[in-house]
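A.B. asks: Sharing a model that was predicted from the sequence below.
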Amino acid sequence: MVLNVDPEELVGAAAALADLVRVTGAAVPSEWVTPAGSDPISAGMVPQLNNEAAQLLNGVRGLLSVVQRSAHEVGAAAVDYAATDSTNSRLLGGTSGAEVGNPAELPGNVPMLVPPVITFPDPGVAVDPLAFAQMLHAGPGPAAPARFAEVLRAFDNGAAADAGRRVGAAAEVLRNWTPVGAQASAELTRHNDWLDRIRRQLNRLADRVDAYSDAFRIAKDKHPTPSEILTARKELLRAMRSKNEAATSAALAKYEELNLRSAEAIGGYEGSMAADAAKGNGEGGGEGDSSMLQALLPALMSALSQGGMLAADQTLTEGSYDGYYDDYPSYGEYGDYGNYDGVSPSSNPPGSFDGSGPGVDPAYTLGPMPMSAAPSATSGGGAGTPRPSSFEPIRSGSSPTGTMMGRGGYMPMMPMMPGAGGVGAGGGGDRGRVVAWHPDRLMYVDDTPHTESVIGERPVIAPTVTPPTPAPAAQTQNNAGGSA
């Protein structure tokens, strides 16, 4: 067997591998994607992006631990070769070579990164444009997620790229090692290939974060602000109460224009996220890298566990990031709004948002601004759509028989059934209920003409006495007649 080994060269390769593991491990990003706002689309996208980031960064950390173990094995081989050479030299009566030490230690425990849990406000059943506008402004804005994308690209183009070059150089050194150098070199080459694929995924993740940041910025710039919507609502209500048909038409046109802007902004926001997801799924290289990661991470975890390098109880929880979101604004001001998980192509109109997305259950429903009464409804006596009442019947219709019975429902011509106070009121079981007030709902307007109060003494009207009715005149009996 031909033996071609230079222990000093092997020690240098092991030291270079150990150094790149130390430098690259210190440069692994420890930040996370910060939501730009509290809107349902951010509530779906941010956890998805953070989960993908955790998977990729854990892959980098696990791969560095595997490279560290390879460096330790190369250093241990150099120590064994040097010790064997010295022993054989002494047996032959020659001078022994210099002793060498292993510059690479065994890797320690590798705690897994866990993304922090960000709680979004619950929007309830539906989110109207005013609530959506408030959610867009309840956050640090698009600069926060864009900063994370910059951190990922800086790591990929800096420490990760340098690590790939140094692993390749070490593989070239070990290729000349006989008889097992080719095997060690192939192992390092495989590690370098894994690192290249993870780097491509990191770049793709940075592009997705940038796409989310840009889509949020465009939606925030295009969507009406909360103050604009509130002002338009107040103007519309004021115009409707004034019974000025021209002013009402102008206020309603402005209100509908804000409604259209809101629908277009939400539709574009949702469409951009859906297009980005479709683009990521349609890229040929990304599919292979994703499948590689699915197989790489379990293999890395298994290798680390067998080597005793994976901590069973050392897991970074969200407590490790307690100070990370200290400057993040509280959502308490908008406690009634908030909670949607990713966006996918939707067949809904631009004004609606179902909150569905890739791998996310739909949880939100977003509708357009509630439309107000037509201008003709507010005119003095014009015919048109009647003004919406603030009372609605419990049932859509009542029986004709009950209506014919009058207010009592049980006994005609009686306002209330004796012995059951208020039971009969309502016209045959059809009674009114008070509807919850909504800013777009025109409440009852009192049109009753009022007489101004007269300031002064209250007039005293002298009572009048009605004279008694005179008795009818006495009738005289006529006894005229013949004599008997």
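C.D. replies: Received, thanks.
A.B. asks: Give me the below-cutoff pLDDT ranges for the protein.
C.D. replies: Regions of the chain meeting the criterion pLDDT under 70 cover residues 1-3, 93-98, 123-126, 280-460, 463, 474-484.
A.B. asks: Tell me which stretches of it form strands.
C.D. replies: Using DSSP state E, the strands assigned to the chain run over residues 391-393, 432-434.
A.B. asks: how about A77, what does it touch?
C.D. replies: The contact partners of A77, taken as Cβ atoms under 8 Å, 6 or more residues apart in numbering, are L10. For the C-beta atoms, the positions are set from N, CA and C on the backbone; glycine is no exception.
A.B. asks: please renumber so the chain begins at 894
C.D. replies: With the count now opening at 894, the last piece we talked about shows up as A970.
A.B. asks: That one and E1065, how far apart?
C.D. replies: When Cβ to Cβ, to the nearest Å is applied, the distance between A970 and E1065 equals 17 Å.
A.B. asks: Give me the number of neighbouring residues for Q941.
C.D. replies: 20 (other Cβ atoms under 10 Å).
A.B. asks: Please read the previous query as pertaining to L1151.
C.D. replies: Using other Cβ under 10 Å, the number of residues around L1151 comes to 21.
A.B. asks: list the contacts for it?
C.D. replies: Residues in contact with L1151, defined by Cβ under 8 Å, 6+ apart, are 1022, 1117, 1121-1122, 1125, 1262.
A.B. asks: Among these, which ones are in helices?
C.D. replies: Counting by DSSP state H, the contacts of L1151 place 1022, 1121-1122, 1125 in helices.
A.B. asks: okay if I get these as TSV plus distance to P1000 and neighbour count?
C.D. replies: Shown next, in TSV, are these (distance: Cβ to Cβ, whole Å; neighbours: other Cβ atoms under 10 Å):
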residue	distance to P1000	neighbour count
P1022	54	24
E1121	57	16
I1122	57	25
A1125	62	20
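A.B. asks: What are the boundaries of the helices in the protein?
C.D. replies: Secondary structure of the chain (DSSP H): helices located at 900-920, 933-984, 1022-1029, 1036-1048, 1054-1068, 1074-1115, 1119-1135, 1138-1175, 1177-1199, 1293-1297.
A.B. asks: Turn those helices into TSV, including distance to T1357.
C.D. replies: Compiled in TSV, the helices of the chain are given as follows (distance: least, Cβ to Cβ, whole Å):
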stretch	distance to T1357
helix 900-920	107
helix 933-984	76
helix 1022-1029	64
helix 1036-1048	86
helix 1054-1068	111
helix 1074-1115	77
helix 1119-1135	46
helix 1138-1175	51
helix 1177-1199	102
helix 1293-1297	45
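A.B. asks: Comparing those, which stretch has the densest surroundings?
C.D. replies: For these, ranked by mean neighbour count under the definition mean count of other Cβ atoms under 10 Å, the leader is helix 1022-1029 at a mean of 24.
A.B. asks: helices or strands next to that helix in the packing?
C.D. replies: The helices and strands touching helix 1022-1029, judged by 3 or more Cβ pairs under 8 Å, 6 or more residues apart in numbering; DSSP states H and E, are helix 1074-1115, helix 1119-1135, helix 1138-1175.
A.B. asks: Can you check what angle separates it from helix 1138-1175?
C.D. replies: If you take axes from the mean of the first three to the mean of the last three Cα atoms, to 10 degrees, helix 1022-1029 sits at 50 degrees to helix 1138-1175.
A.B. asks: just the angle between helix 1022-1029 and helix 933-984, please?
C.D. replies: Computed by the same axes, to 10 degrees, the angle between helix 1022-1029 and helix 933-984 is 30 degrees.
A.B. asks: Dump helix 1022-1029 to PDB, keeping only the CA atoms.
C.D. replies: Taking C-alpha atoms only, helix 1022-1029 is exported to PDB below (Å, rounded to 0.1, in the frame of the first residue of the first chain):
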ATOM      1  CA  PRO A1022     -61.700  49.200   4.900                       C
ATOM      2  CA  LEU A1023     -61.300  51.400   8.000                       C
ATOM      3  CA  ALA A1024     -60.000  48.500  10.100                       C
ATOM      4  CA  PHE A1025     -57.700  47.500   7.300                       C
ATOM      5  CA  ALA A1026     -56.300  51.000   7.000                       C
ATOM      6  CA  GLN A1027     -55.600  51.100  10.800                       C
ATOM      7  CA  MET A1028     -53.900  47.700  10.600                       C
ATOM      8  CA  LEU A1029     -51.600  49.000   7.700                       C
END
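A.B. asks: Next, work out how far apart A906 and A1056 are.
C.D. replies: A906 sits 14 Å away from A1056, going by Cβ to Cβ.
A.B. asks: V916: what's it in contact with?
C.D. replies: Taking Cβ under 8 Å, 6+ apart as the test, what V916 contacts is 1052, 1055-1056.
A.B. asks: Nearest to A1156 among those residues?
C.D. replies: Taking Cβ to Cβ as the measure, A1052 is the one of the contacts of V916 closest to A1156, at 45.1 Å.
A.B. asks: Can you tell me how far the nearest residue to the closest one once chain neighbours are set aside is from A1056?
C.D. replies: Among residues not flanking A1052 along the chain, A920 sits closest, at 3.6 Å (Cβ to Cβ, 6 or more residues apart in numbering). In this structure, A920 and A1056 are separated by 9 Å, where distance is defined by Cβ to Cβ.
A.B. asks: and what of H1030?
C.D. replies: Following Cβ to Cβ, the distance that separates H1030 from A1056 is 41 Å.
A.B. asks: and the residue nearest to I1091 when sequence neighbours are not counted, how far is that from L1006?
C.D. replies: Spatial nearest neighbour of I1091, excluding adjacent residues (Cβ to Cβ, 6+ apart): G952 at 5.2 Å. G952 is 10 Å from L1006, where distance means Cβ to Cβ.
A.B. asks: And R1068, by the same measure?
C.D. replies: For R1068, the distance to L1006 equals 34 Å [Cβ to Cβ].
A.B. asks: Surely N995 is in contact with G968?
C.D. replies: Yes: in terms of Cβ atoms under 8 Å, N995 counts as a neighbour of G968; the distance is 3.6 Å.
A.B. asks: Could you tell me which residues touch both of these two?
C.D. replies: Once Cβ under 8 Å, 6+ apart is applied, the residues that N995 and G968 both contact turn out to be 904, 907.
A.B. asks: tell me the contacts of A1064?
C.D. replies: 1078, 1081-1082, 1085.
A.B. asks: TSV for these, including distance to Y974?
C.D. replies: Conversion of the contacts of A1064 to TSV gives the following (distance: Cβ to Cβ, whole Å):
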residue	distance to Y974
S1078	17
L1081	18
T1082	22
N1085	25
